[in-house]
Every structure is written in structure tokens, then in C-alpha cells.
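**Student:** could you look at this predicted model? Sequence included:
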Amino acid sequence: MGEERQAEVPFQATTIAARVLYADTDRMGVVYHATYLRWFEAGRAAFMRRRGSSYRDVEESGVMLPVIEANAVYLKPAHYDDVIRVTARLGEIGRAQLRFEYEISKDGVPLVRGFTRHAVIAADGRPTRLPAALREALENEETTNEKDIVD
């Protein structure tokens with residue numbers, strides 16, 4: 001795909017709450033490392049939905065956004081029955097790639113920070129440009145006051 005010039009994106013964030021389920025933890029009651037990637041997805045989906053563009057809408061338009069890179073830095077553990085906050089923001093937006101950044105916290109204390117990078121591909125799996133309508137939605141402030149909670 002080559003190197004892309006990234007657009008400057010103003011600070012934007014969406015925060016949702018999630019309760020740690022027993023199924024999210026290991027035998028010691030500590031959240032299993034891969035569970036954070038699921039919460040990243042929940043935050044990203046809420047970010048998009050609150051700007052008027054769900055993943056379903058994106059895919060129905062013929063575009064998909066597969067994860068091509070994921071990163072998580074584990075600072076402190078979350079435990080069974082904790083209520084955590086997942087904050088997602090758009091970090092970079094290019095012609096054919098997106099980067100979302102995340103912070104998962106409890107009581108204002110960061111637990112995990114990370115990012116996911118997404119390719120923009122057409123239904124045939126080939127790289128394509130980010131549709132103008134999706135770019136506009138992602139660059140906007142939240143348009144709905146929907147309160148997501150993952151429980």
C-alpha cells in the first residue's frame with residue numbers, strides 16, 4: 001500500500017463502561033490478556049455508532065475494515081466484577097488505513113493502553129480508498145448520546 005500521508009485529526013474520544021465477567025478471567029480472577037482486544041472492539045464500535053456509522057453500515061456499503069495490527073500494553077490487571085471504562089479515539093486516518101487508540105481504566109487508573117490499525121478493503125479483498133461519507137462520520141464529533149455498556 002505504500003506510505004500514506006495521515007490527516008491531522010482533532011482529539012475525539014468515546015468512552016463506554018464494561019463489567020468484567022467471570023468468563024473474562026483466568027483461574028485467579030484476573031482478566032485474560034486477549035479479553036482486552038474484545039473491549040477494544042467494543043469501544044471502536046461505540047465510537048463509530050455514536051458518529052452515525054455502524055460496522056454493519058460500513059460493510060453494507062461494500063467496505064470492510066480488517067485489523068492488520070494490534071498492540072496492547074498491560075499496566076495493571078483488571079479483576080472479576082470490576083467496572084472498567086474503555087476509551088476509544090481515532091488516532092490516524094489515511095486514504096486506505098485507520099488507526100484507533102484505546103485506554104482501559106478503572107476508577108481513573110489506566111490498566112491497558114493500545115491501538116489497532118485497520119486496512120480499508122473492498123468486498124473482493126483488495127485495498128480501496130476510505131469512502132468520503134465514512135471519513136466525514138469518523139472525523140465528526142459524537143452525534144448521538146447513546147450509552148453503551150458491555151455486561
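**Tutor:** Okay, I see it. Numbering: from 1, shown residues only.
**Student:** nearest to the spatial middle of this structure, which residue is it?
**Tutor:** In the chain, the residue lying closest to the centroid (C-alpha atoms, centre = their mean) is residue 44, at 2.6 Å.
**Student:** look up how far residue 67 lies from that residue.
**Tutor:** 9 Å (C-beta to C-beta, to the nearest Å). Any C-beta I mention is one placed from the backbone N, CA and C, and that applies to glycine too.
**Student:** where do the helices sit along this structure?
**Tutor:** Secondary structure of the chain (DSSP state H): helices at 35-49, 55-60, 132-139.
**Student:** count of neighbours near residue 59?
**Tutor:** 12 (other C-beta atoms under 10 Å).
**Student:** which pLDDT value belongs to residue 138?
**Tutor:** The model reports residue 138 with a pLDDT of 89.
**Student:** residues contacting it?
**Tutor:** 48, 51, 53, 90, 93, 98 (C-beta atoms under 8 Å, 6 or more residues apart in numbering).
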